[in-house]
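# model the following, please.
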Amino acid sequence: MNPGYLTFILVSVIVILLACGWKEFLLPGVSNKRLALFFAVWLGGNGIVLSLGSVHLTLSYAVVAGLSLVLLKTAGDVKQSLGLVMVSLLIAACDYLFLEIYSVNPFMTVIDKRADIALILGSVGVLLNRHPYRQMMILSLALLLGEAWYQVSHFATKPIKLGTADFMDQWWLTIFATRVATATVQEGYRRSKRMMRNLANRREREWKE
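Here you go, the predicted structure:
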């Protein structure tokens, strides 16, 4: 699959789901105005590259960085924010490690190098935090740092490119897979809890009769 194609598919799917009323399922508590603002800014910066010597930065990468900072401000007090940043650093180290491993041994690839890493990190994100804002902040910051770390470590052999189409494919897939998995798990838990409560109430009524 060509780089950027997965991003186009995922963005299209997300927009369709949000338009069909799935916003509260995937992104509870996020306003339509904020979603529209993010998509407008991201689409506006997509494909625009700023170059400074051997460093090339796409504005979409900067938009994701800005999103991470905005979400970090909603985390709460300083202690909670530092905790989330530490978790992001841990996941960033894992991201960098996986990028290096897949580069050295491409035969480990199941779907695609970036897609495999996105699904692995998305699974970690589901386990660590289920709040939409905090979850997206942790994963976004982790992917930004992991990508920068990987690019800088290979600066001697190739220029630094931040925000490539491959990176955006990974970022969108990570966020999408994490939110879908989290929402599915939470909905399954709520339904199971409701079912158990109804069953307990039914048994209590039968016992009284």
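# for the chain, longest helix please?
Determined from DSSP state H, the single longest helix within the chain is helix 165-208.
# how about the strands in the protein?
Ranges of strands in the chain, per DSSP state E, are 49-52, 55-58, 160-162.
# how close does the spatially most central residue of the chain get to residue 49?
With the centre of the chain defined as its mean C-alpha position, the nearest residue by Cα atoms, centre = their mean is residue 175, 2.5 Å away. As for residue 175, its distance to residue 49 is 22 Å (criterion: Cβ to Cβ, to the nearest Å). Placement of C-beta: from N, CA and C, glycine included.
# and the strands of the chain as JSON lines, adding mean pLDDT?
Compiled in JSON lines, the strands of the chain are given as follows (pLDDT from 0 to 100):
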{"stretch": "strand 49-52", "mean pLDDT": "88"}
{"stretch": "strand 55-58", "mean pLDDT": "92"}
{"stretch": "strand 160-162", "mean pLDDT": "92"}
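# just say which of those is most tucked in.
The highest average neighbour count among the strands of the chain, using mean count of other Cβ atoms under 10 Å, belongs to strand 160-162 at a mean of 19.
# helices and strands around it, which ones?
For strand 160-162, the elements it packs on are strand 55-58, helix 132-153, judged by 3 or more Cβ pairs under 8 Å, 6 or more residues apart in numbering; DSSP states H and E.
# go again with 6 Å.
With contacts taken as 3 or more Cβ pairs under 6 Å, 6 or more residues apart in numbering; DSSP states H and E, strand 160-162 sits against strand 55-58.
# what is the strand it packs on packed up against?
Counting contacts by 3+ Cβ pairs under 6 Å, 6+ apart, strand 55-58 is packed against strand 49-52, strand 160-162.
# if we use 10 Å, what do you get?
strand 49-52, helix 132-153, strand 160-162, helix 165-208 (3 or more Cβ pairs under 10 Å, 6 or more residues apart in numbering; DSSP states H and E).
# just checking, residue 18 touches residue 35?
Yes - applying Cβ atoms under 10 Å as the test, residue 18 and residue 35 come out as touching, 6.7 Å apart.
# overlap in contacts, the two.
residue 27 (Cβ atoms under 10 Å, 6 or more residues apart in numbering).
# so for those two, which sits in the more crowded spot?
Comparing residue 18 with residue 35 by other Cβ atoms under 10 Å, the one with more neighbours is residue 18, at 19 against 15.
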